[in-house]
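Engineer: Take a look and give me a structure for this.
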Amino acid sequence: QVQLVESGGGLVQAGGSLWLSCAASGRSFSTYAMGWFRQAPGKEREFVAAISRGGSTTDYADSVKGRFAISRDNAKNTVYLQMNSLKPEDTAVYYCAAVWAGSKVVVTTTRYDYWGQGTQVTVSS
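Structural biologist: Residues are numbered from 1 along each chain as shown. Below is the predicted model:
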């Protein structure tokens, strides 16, 4: 079992930055691949970024490549999402998720087993 708690969301102007954190409970955090997803009103939840259990492999949605960066600190049981050059279309509830996946990254929403409660990110124009 893994429990996830996101933090760091808020209101920011277009072009600004935010730093999201996701703290995980449990002693086996380093065995889980982690991902960030987002869901805007009226839209399906979509993949944003993912990182392998050791942190050596990452993947990003095309819409955030070059602007967002995912990282993790296994000693602190935490995964991060640095978001730069934010756009109004980045407005959504952001969720972190965990799945046991060996050494791979996982980009498919339905494969993830554990989810946080989400944190709101609002980007004003």
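
Engineer: give the contact list for the residue most central in space within the chain.
Structural biologist: Nearest residue to the geometric centre of the chain (Cα atoms, centre = their mean): W36, 2.2 Å. Neighbouring residues of W36 by Cβ atoms under 8 Å, 6 or more residues apart in numbering: 20, 22, 48-50, 70, 79, 81, 94-97. All C-beta spots, glycine's among them, are computed from the backbone N, C-alpha and C.

Engineer: and it, what element?
Structural biologist: Using DSSP states H and E, W36 sits within strand 32-39.

Engineer: Averaged pLDDT, the next helix or strand after that strand. What do you get?
Structural biologist: Using DSSP H and E, the helix or strand that follows strand 32-39 in sequence is strand 46-51. Averaging pLDDT along strand 46-51 gives 98.

Engineer: just to revisit the earlier point, could you check the strand holding W36 and say which residues are buried?
Structural biologist: Neighbour-count burial for strand 32-39, with 16 or more other Cβ atoms under 10 Å as criterion, is recorded at 32-38.

Engineer: quick one, that strand and strand 46-51 angle?
Structural biologist: 160 degrees (axes from the mean of the first three to the mean of the last three Cα atoms, to 10 degrees).

Engineer: Does S25 touch Q3 like I think?
Structural biologist: Yes - the criterion here is Cβ atoms under 8 Å, and S25 meets it with Q3 at 4.2 Å.

Engineer: Between the buried residues of strand 32-39, which sits nearest V12?
Structural biologist: Nearest to V12 among the buried residues of strand 32-39, counting by Cβ to Cβ, is R38 at 14.5 Å.

Engineer: That closest one: what's its closest spatial neighbour, skipping adjacent residues?
Structural biologist: In space, and not counting its chain neighbours, R38 is closest to A92: 3.8 Å by Cβ to Cβ, 6 or more residues apart in numbering.
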